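Novice: Fold the following for me, if possible:
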Amino acid sequence: MFKISSLVSAVFLIGSVSVASAWEALPNKAPAPADNPTTAEKVTLGQILYHDPRLSSTGTVSCASCHNTMLGGEDNRPNSMGVNGQTGGRSAPTVWNSAFNTVQFWDGRAASLEEQAAGPVTNPIEMGMKSWDDVVTRLKSIEGYQGLFEKAFGKNSISKDNATKAIAAYERTLITPNSPYDKYVKGNKKALTDQQIKGMEKFAESGCGSCHSGPAFNGPGTYQKFPVISSGFFAAKYKITKDLGREEVTKNSADAHMWKVPTLRNIALTAPYFHNGSVKSLDVAVKMMAKLQMGKELSDQETSDIVAFLNALTGEFPKQKMPVLPGTPGSTFN
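Specialist: Predicted structure coming up:
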């Protein structure tokens, strides 16, 4: 076990050298795919759809229910609650800066924001609609949506494809730049406190940046095994190995416990932590990652320094004006 831990630590430390010399600020704008260029009309429609609970079978759950843009972009629950009070087994990832993910969902089962937007609507535990045909029928029956879709996509354009494109276009505006860290790497050396600078250095030295690299601190889009180093104590206390991760999607045993590397942007606002939301505090999560991924024991001071640095990754949130949903005067779906 010592040899394995040492090897893992060495690999991560080698990677940390290049990371430390290539700190990157978050771009102010997310890239859009060629088949879904961002327009103001799409963003307006997408924000309305994102906040409309009528996309769920009970009329009670919207995208925003689990991915709250009024705070950290998720719901601060270990497991999100869907229709009829049902809960799944995973914690909702943040929607902020999700446009910089190469894949979506913890297990990477969606290749784009458009594909991701389609999934929860017909998931029986999440939003519970029987099919997207039913969703389209419902949207067509709400008079106000006709004009919104026409402005965004043209006449007679209410469809699953256009609805998910609009939601994705809105989500690509959810970028949080200009954190203290961003200001620091752009040249303002007073943007970080002394402790945050120490934490930044320890973050690189410890090898954290080998996975959490790049402007969004989510790596190049690869999957990583968690945990790398087995621990009966942590497995029992936090049940981190109960979920097979990407293996659930690929059915390939080599993908057991492989996960999309999550962004560390705004991480201070997105407790509880890990795929199952089992860890309530950031300091415990940092100590666990050091132990389980790199075989390192961080002191309380080292942990505190890294946590201080992670707090410096909280960016500026674009102002969100809650949309007015198209009404159904005199009638309801429920």
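Novice: from here on, contacts and neighbour counts on C-alpha atoms
Specialist: OK.
Novice: so where's the stretch 1-150 of the chain uncertain?
Specialist: The model of the stretch 1-150 of the chain has pLDDT under 70 over residues 1-21.
Novice: In it, mark out all the helices, start to finish.
Specialist: 2-20, 40-50, 63-66, 113-122, 132-141, 143-153 (DSSP state H, counting those that start in this stretch).
Novice: Can you list the helices and strands that the second one packs against?
Specialist: Counting by 3 or more C-alpha pairs under 8 Å, 6 or more residues apart in numbering; DSSP states H and E, the packing neighbours recorded for helix 40-50 are helix 143-153, helix 160-171.
Novice: Figure out how far that helix is from the centre of its chain.
Specialist: Relative to its chain's centre, helix 40-50 lies at 20 Å (C-alpha atoms, centre = their mean, to the nearest Å).
Novice: and that helix with helix 113-122, angle?
Specialist: With axes from the mean of the first three to the mean of the last three C-alpha atoms, to 10 degrees defining the directions, helix 40-50 sits at 30 degrees from helix 113-122.
Novice: Please save the CA atoms from helix 40-50 in CSV.
Specialist: What follows is helix 40-50, C-alpha atoms only, in CSV (Å, rounded to 0.1, in the frame of the first residue of the first chain):
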residue,chain,number,x,y,z
ALA,A,40,-30.9,36.7,-26.9
GLU,A,41,-34.2,35.1,-28.0
LYS,A,42,-33.0,31.6,-27.2
VAL,A,43,-31.7,32.7,-23.8
THR,A,44,-35.0,34.4,-22.9
LEU,A,45,-37.0,31.3,-23.9
GLY,A,46,-34.4,29.0,-22.2
GLN,A,47,-34.6,30.8,-18.9
ILE,A,48,-38.4,30.6,-18.9
LEU,A,49,-38.3,26.9,-19.6
TYR,A,50,-35.6,26.3,-17.0
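Novice: Buried residues in that helix, which are they?
Specialist: Residues of helix 40-50 classed as buried: Glu41, Lys42, Val43, Thr44, Leu45, Gly46, Gln47, Ile48, Leu49, Tyr50 (neighbour count, 16 or more other C-alpha atoms under 10 Å).
Novice: Could you check how far the residue lying closest to the third one once chain neighbours are set aside is from Asp52?
Specialist: Leaving aside its sequence neighbours, Val43 sits nearest to Tyr170 (C-alpha to C-alpha, 6 or more residues apart in numbering; 4.3 Å). Spatial separation of Tyr170 from Asp52 under the definition C-alpha to C-alpha, to the nearest Å is 14 Å.
Novice: One more: Phe274?
Specialist: For Phe274 relative to Asp52 (C-alpha to C-alpha), the value is 28 Å.
Novice: ok, now Thr102?
Specialist: Taking C-alpha to C-alpha, one finds Thr102 at 26 Å from Asp52.
Novice: between the two, which one's more packed in?
Specialist: Asp52 (21 against 18; other C-alpha atoms under 10 Å).
Novice: Does that one touch Ser62 like I think?
Specialist: Yes - if you go by C-alpha atoms under 8 Å, Asp52 and Ser62 touch, sitting 5.5 Å apart.
Novice: what's the model's confidence in the helix or strand harbouring Leu310, averaged?
Specialist: Assigned by DSSP states H and E, Leu310 belongs to helix 300-311. Averaging the model's pLDDT scores along helix 300-311 yields 98.
Novice: and if you look at stretch 317-328?
Specialist: So the average pLDDT for stretch 317-328 ends up being 94.
Novice: Ok, stretch 258-265 next?
Specialist: Mean predicted confidence for stretch 258-265 is 98.
Novice: One more: stretch 167-177?
Specialist: In the prediction, stretch 167-177 has an average pLDDT of 98.
Novice: Chain neighbours aside, what residue packs nearest to Lys202?
Specialist: What sits nearest to Lys202 in space, not counting adjacent residues and going by C-alpha to C-alpha, 6+ apart, is Ile306, at 6.6 Å.
Novice: isn't the one you found right up against Gly199?
Specialist: Yes - using C-alpha under 8 Å, Ile306 is in contact with Gly199, at 4.0 Å.
Novice: Neighbour count: the two, which is higher?
Specialist: More crowded of Ile306 and Gly199, by other C-alpha under 10 Å: Ile306, with 28 against 23.
Novice: mind checking which helix or strand Met289 is in?
Specialist: helix 282-294.
Novice: That helix packs against which elements?
Specialist: Against helix 282-294 (3+ C-alpha pairs under 8 Å, 6+ apart) you get helix 2-20, helix 300-311.
Novice: what about the helices in the stretch 201-334 of the chain?
Specialist: Counting by DSSP H, counting those that start in this stretch, the helices of the stretch 201-334 of the chain are 232-238, 247-250, 282-294, 300-311.
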